[in-house]
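**Q** Provided below for reference: sequence and predicted model.
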Amino acid sequence: MRKILLYRISNKGYPKIKVDGISKLDCLDNLKKIFHDWEFICVADNCEAALLEKLKSSYRFTEFYETKLGNPGSFWKLYEIALAQVKSKDIIYFIEDDYLHLPDAPESIIQGLDYFDYVTVYDHPDKYQGVGKVINPYTKRNKFSENTQVVKLENDVWRISNSTTMSFSLTGKTLREDAKIWSITKTKKGDCDFDIFIILTGQPILWRIKYLKLALCKIKYLFKPKRYLGVICGGKTLHLEKAFISQKDIERFHLPNQKK
């Protein structure tokens, strides 16, 4: 069984306010340390010359590619690279350039894939009411959170979720079986993680204009088996978008004090 990390880095990501004092290379250093025994395949998309030089001179990757495809396109590039070489039992982790991980994140990913089709160790705050942040549309319909089921495993408590970001893990078997759905990213211009995951996880279509466009895609894959996305409660990784960072996150991940 191979453990393969599919990593994307870019100087032209979507504009989001990130936490102070943590750079993309800090995140990469953390990733290299935590996932030290995994293969690293890197796609450097729309990167400036200085960043490319740093990546080539200071980091060792199993494979390294330079692209100018944008966010969805560069994701599909990594997907195609994986499709060409992985076997059913291989573990694949798609990860973007603005996450920090706790030391036991790899162990949790491997354990979670024994139970779920997809795994994320990022517990996105948009799945909970009362956090004072942007709320996932399926969470808005309920009192406390999205509808879920909870599973207590040996070391962690997991729950199922309707969607996550473009940083997630799966096996080679699932990667192959779901390739047609993920190929939507090949020509997509903007975010599509939510769109794809609600199809994969069999969520009901929300009858709002902005979501009705998903109806045709959902009908196309109507008879595809429902996938289960497991998220570890509390999270073992942190997305550095400032809007979703809490004081507890700052303490757990030892972040520098953040400006108001």
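**A** Sure thing, it's come through. Numbering: from 1, shown residues only.
**Q** C-alpha from now on. contacts and neighbour counts both.
**A** Will do.
**Q** Touching the host helix or strand of residue 94 from outside, list them.
**A** Using DSSP states H and E, residue 94 maps to strand 91-95. The set of residues external to strand 91-95 that reach it, using C-alpha atoms under 8 Å, 6 or more residues apart in numbering, is 1-8, 110, 166-172.
**Q** neighbour-wise, which of these leads?
**A** residue 169 (28 neighbours; other C-alpha atoms under 10 Å).
**Q** Tell me which residues touch it, please.
**A** 91-94, 109, 113, 118-120.
**Q** wait, is it part of a strand?
**A** Yes. Counting by DSSP: H, G, I helix; E, B strand; the rest coil, residue 169 is found in a strand.
**Q** picking up where we left off before, closest one to residue 183 out of the contacts of strand 91-95, please.
**A** Using C-alpha to C-alpha, residue 166 comes nearest to residue 183 of those, at 13.5 Å.
**Q** Export the strand holding residue 94 to CSV, keeping only CA atoms.
**A** The C-alpha coordinates for strand 91-95 follow below in CSV (Å, rounded to 0.1, in the frame of the first residue of the first chain):
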residue,chain,number,x,y,z
ILE,A,91,-4.2,6.0,0.3
ILE,A,92,-4.4,9.4,-1.4
TYR,A,93,-4.5,12.8,0.4
PHE,A,94,-5.3,15.9,-1.7
ILE,A,95,-4.1,18.9,0.3
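**Q** packing partners for the helix or strand following that strand?
**A** The helix or strand immediately downstream of strand 91-95 is strand 99-101, counting by DSSP H and E. Judged by 3 or more C-alpha pairs under 8 Å, 6 or more residues apart in numbering; DSSP states H and E, strand 99-101 is in contact with helix 24-34, strand 237-239.
**Q** what's near enough to touch the closest residue to residue 117 other than its chain neighbours?
**A** Nearest residue to residue 117 in three dimensions, chain neighbours excluded: residue 228, at 5.3 Å (C-alpha to C-alpha, 6 or more residues apart in numbering). Taking C-alpha under 8 Å, 6+ apart, we find residue 228 in contact with 116-118, 160-161, 200-201.
**Q** now swap in residue 63 and tell me
**A** So residue 63 contacts 40-42 (C-alpha under 8 Å, 6+ apart).
**Q** With neighbour count as extra columns, can I get those in a markdown table?
**A** Output for the contacts of residue 63, formatted as a markdown table (neighbours: other C-alpha atoms under 10 Å):
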| residue | neighbour count |
| --- | --- |
| 40 | 21 |
| 41 | 21 |
| 42 | 21 |
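**Q** got TSV for those, with distance to residue 87 too?
**A** Formatted as TSV, the contacts of residue 63 follow (distance: C-alpha to C-alpha, whole Å):
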residue	distance to residue 87
40	16
41	16
42	19
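**Q** So residue 182 lies in a helix, does it not?
**A** Yes. Residue 182 sits within a helix when classified using three-state DSSP.
**Q** I'd say it and residue 194 touch.
**A** No. Counting by C-alpha atoms under 8 Å, residue 182 stays clear of residue 194, with 11.7 Å between them.
**Q** quick one: contacts for residue 233?
**A** Applying C-alpha under 8 Å, 6+ apart, the residues contacting residue 233 are 123, 156-159.
**Q** repeat that with 6 Å
**A** 157-158 (C-alpha atoms under 6 Å, 6 or more residues apart in numbering).
**Q** Could you check how far it is from residue 223?
**A** 30 Å (C-alpha to C-alpha, to the nearest Å).
**Q** for residue 167, same thing?
**A** 26 Å.
**Q** Kindly report the same for residue 255.
**A** For residue 255 relative to residue 223 (C-alpha to C-alpha), the value is 45 Å.
**Q** Of those two, which one has the most company?
**A** Taking neighbours as other C-alpha under 10 Å, residue 255 and residue 223 compare with residue 255 leading, 16 against 8.
**Q** Could you verify that that one is part of a strand?
**A** No. Counting by three-state DSSP, residue 255 is not part of a strand but coil.
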